[in-house]
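[1] Test case, fold it:
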Amino acid sequence: MPLTEYSFNVENAVDRIFFGRNTIKKANSFLFFIENGIVKSLIHHLKYRNQQQIGTMLGDWHGQIIKENNYLDKIDYIIPVPLHPKKMKKRGYNQVSMFGMRLAHHLNAEFLENALVKTANTKTQTKKGRIGRWQNNRALYILNDPLQLEN
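    Have a look, this model is predicted:
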């Protein structure tokens, strides 16, 4: 598997993506996505073939890596990016939920499945680049209960 091996204690390529856009402490990525590679196949099966156990396995693996890194003091919440209700009804599940639940388990964090709400149903973004996806998604999500995440 093409692991990024990015550490939380040094700046990495994912940190640089967010510079100047969002206020974050640290960003991380688990696997490299390579066209026609195994990660693409795994994600495709997770999203479109109801293979939710892939999310569980990847969440356990990445959670263990983060836990062993020992750089982060405490992660309070794991919040999955939600699907629009129409897409959720079509798929039957959010492909990142099991991944997030397993991360939360390993990191002793609270998993907040419904903290974000997607406000519009967008077309597939698989053909867009990183910047196009970011611009298209900027205003699509709102906090369900802002007080829940206070402090």
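
[2] For the rest of this, base every contact and every neighbour count on C-alpha atoms.
    Will do.

[3] those strands in this structure, which residues are they?
    Per DSSP state E, the chain carries strands over the ranges 77-78, 110-111, 116-118, 141-143.

[4] weakest of those strands by average pLDDT?
    Per-segment mean pLDDT for the strands of the chain reaches its minimum on strand 141-143, at a mean of 87.

[5] Direction included, what does that one pair up with?
    With DSSP bridges as the test, strand 141-143 is paired with strand 116-118 (antiparallel).

[6] quick one: buried residues of the strand it pairs with?
    Buried residues in strand 116-118, counted by 16 or more other C-alpha atoms under 10 Å: L116, V117, K118.

[7] wait, L143 sits on T119?
    No. If you go by C-alpha atoms under 8 Å, L143 and T119 don't touch, sitting 10.3 Å apart.

[8] Give the buried residues for stretch 3-14.
    For stretch 3-14, a neighbour-count test (16+ other C-alpha under 10 Å) marks Y6, S7, F8, N12 as buried.

[9] Looking at these, which is nearest M88?
    Closest approach to M88 among the buried residues of stretch 3-14 (C-alpha to C-alpha): Y6, at 31.5 Å.

[10] what sits against that closest one?
    Y6 makes contacts with N12, N28, S29, F30, as judged by C-alpha atoms under 8 Å, 6 or more residues apart in numbering.

[11] now the residues you listed in a markdown table, with pLDDT and distance to N108?
    Supplementary listing: the contacts of Y6 in a markdown table, determined by pLDDT from 0 to 100; distance: C-alpha to C-alpha, whole Å:
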| residue | pLDDT | distance to N108 |
| --- | --- | --- |
| N12 | 87 | 24 |
| N28 | 85 | 18 |
| S29 | 88 | 19 |
| F30 | 90 | 19 |
